[in-house]
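Visitor: what would the 3D arrangement of this be:
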Amino acid sequence: KQSCEWALEIDPENIKGIFRRAKAHEGLIDYDLAAKDLKEAIRLEPQNRDLRKEYEDLKVRAKEDAKKQRELWGSAKIFDKERGL
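Guide: Okay, the predicted model is just below:
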(Lines give C-alpha, C1' and ligand atoms only; values in the text may rest on other atoms or scores of the structure.)
Protein backbone atom coordinates (compact mmCIF):
# COMPACT_ATOMS: atom_id res chain seq x y z
CA LYS A 1 0.00 0.00 0.00
CA GLN A 2 2.80 2.41 0.90
CA SER A 3 4.46 2.00 -2.51
CA CYS A 4 1.18 2.95 -4.17
CA GLU A 5 0.91 6.02 -1.94
CA TRP A 6 4.40 7.16 -2.96
CA ALA A 7 3.67 6.61 -6.65
CA LEU A 8 0.41 8.53 -6.38
CA GLU A 9 2.19 11.46 -4.73
CA ILE A 10 4.13 11.81 -7.98
CA ASP A 11 1.18 11.14 -10.29
CA PRO A 12 -2.18 11.27 -8.45
CA GLU A 13 -4.10 10.16 -11.55
CA ASN A 14 -2.04 7.05 -12.27
CA ILE A 15 -4.66 4.39 -12.93
CA LYS A 16 -2.31 1.50 -12.23
CA GLY A 17 -1.32 3.01 -8.88
CA ILE A 18 -4.92 3.67 -7.90
CA PHE A 19 -5.91 0.13 -8.89
CA ARG A 20 -3.05 -1.42 -6.94
CA ARG A 21 -3.89 0.67 -3.89
CA ALA A 22 -7.51 -0.54 -4.19
CA LYS A 23 -6.27 -4.13 -4.22
CA ALA A 24 -4.10 -3.40 -1.16
CA HIS A 25 -7.11 -1.94 0.67
CA GLU A 26 -9.14 -5.00 -0.27
CA GLY A 27 -6.39 -7.26 1.05
CA LEU A 28 -6.54 -5.34 4.32
CA ILE A 29 -10.33 -5.89 4.39
CA ASP A 30 -11.00 -2.18 3.92
CA TYR A 31 -13.69 -2.47 1.29
CA ASP A 32 -14.83 1.15 1.59
CA LEU A 33 -11.40 2.52 0.66
CA ALA A 34 -11.00 -0.10 -2.05
CA ALA A 35 -14.34 0.93 -3.55
CA LYS A 36 -13.41 4.61 -3.31
CA ASP A 37 -10.19 3.98 -5.25
CA LEU A 38 -11.93 1.89 -7.89
CA LYS A 39 -14.59 4.58 -8.36
CA GLU A 40 -11.82 7.16 -8.80
CA ALA A 41 -10.09 4.95 -11.37
CA ILE A 42 -13.39 4.52 -13.24
CA ARG A 43 -13.95 8.28 -13.17
CA LEU A 44 -10.53 8.78 -14.74
CA GLU A 45 -10.96 5.97 -17.26
CA PRO A 46 -14.70 5.38 -17.73
CA GLN A 47 -14.29 3.15 -20.79
CA ASN A 48 -12.18 0.60 -18.87
CA ARG A 49 -14.37 -2.52 -18.58
CA ASP A 50 -11.84 -4.31 -16.37
CA LEU A 51 -12.12 -1.58 -13.73
CA ARG A 52 -15.90 -1.73 -13.81
CA LYS A 53 -15.85 -5.52 -13.46
CA GLU A 54 -13.38 -5.29 -10.58
CA TYR A 55 -15.67 -2.78 -8.84
CA GLU A 56 -18.71 -5.05 -9.26
CA ASP A 57 -16.72 -8.06 -8.04
CA LEU A 58 -15.52 -6.06 -5.03
CA LYS A 59 -19.10 -5.26 -4.06
CA VAL A 60 -19.97 -8.96 -4.18
CA ARG A 61 -16.91 -9.95 -2.14
CA ALA A 62 -17.63 -7.25 0.44
CA LYS A 63 -21.24 -8.39 0.78
CA GLU A 64 -20.14 -12.04 1.16
CA ASP A 65 -17.56 -11.07 3.77
CA ALA A 66 -20.12 -9.03 5.72
CA LYS A 67 -22.48 -12.02 5.71
CA LYS A 68 -19.72 -14.31 7.02
CA GLN A 69 -18.90 -11.80 9.74
CA ARG A 70 -22.55 -11.59 10.80
CA GLU A 71 -22.78 -15.38 10.90
CA LEU A 72 -19.57 -15.64 12.91
CA TRP A 73 -20.22 -12.83 15.37
CA GLY A 74 -24.01 -13.03 15.41
CA SER A 75 -23.88 -16.30 17.31
CA ALA A 76 -21.04 -15.22 19.61
CA LYS A 77 -22.19 -14.18 23.05
CA ILE A 78 -19.68 -11.50 23.88
CA PHE A 79 -22.00 -9.78 26.31
CA ASP A 80 -24.16 -11.77 28.67
CA LYS A 81 -27.18 -9.72 29.81
CA GLU A 82 -27.92 -12.05 32.69
CA ARG A 83 -24.43 -11.52 34.14
CA GLY A 84 -24.56 -7.78 33.59
CA LEU A 85 -21.85 -7.78 30.92
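Visitor: helix, strand, or coil at Phe19?
Guide: Counting by DSSP: H, G, I helix; E, B strand; the rest coil, the backbone at Phe19 sits in helix.
Visitor: distance of it from Leu72?
Guide: Plainly put, Phe19 is 30 Å away from Leu72 if you go by CB to CB, to the nearest Å. (Glycine included, C-beta is placed from N, CA and C.)
Visitor: these two: who's more crowded?
Guide: Neighbour tally, Phe19 and Leu72, criterion other CB atoms under 10 Å: the higher count belongs to Phe19, 21 against 9.
Visitor: quick one: contacts for that one?
Guide: When the contact criterion is CB atoms under 8 Å, 6 or more residues apart in numbering, the partners of Phe19 are 37-38, 41, 51, 54.
Visitor: in the chain, which spans are helices?
Guide: 2-10, 15-27, 31-44, 49-74 (DSSP state H).
Visitor: reformat those helices as JSON lines; add mean pLDDT.
Guide: Shown next, in JSON lines, are the helices of the chain (pLDDT from 0 to 100):
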{"stretch": "helix 2-10", "mean pLDDT": "81"}
{"stretch": "helix 15-27", "mean pLDDT": "95"}
{"stretch": "helix 31-44", "mean pLDDT": "97"}
{"stretch": "helix 49-74", "mean pLDDT": "92"}
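Visitor: how many residues are close by the nearest residue to Ile18 once chain neighbours are set aside?
Guide: Spatial nearest neighbour of Ile18, excluding adjacent residues (CB to CB, 6 or more residues apart in numbering): Ala41 at 4.5 Å. For Ala41, the count of nearby residues is 25 (other CB under 10 Å).
Visitor: now do Ile15
Guide: For Ile15, using other CB under 10 Å, the count is 15.
Visitor: who's in contact with the residue positioned nearest the centre of the chain?
Guide: Among the residues of the chain, the one closest to the centroid is Tyr31, at 2.2 Å (CA atoms, centre = their mean). By CB under 8 Å, 6+ apart, Tyr31 lies in contact with 25, 58, 61-62, 65.
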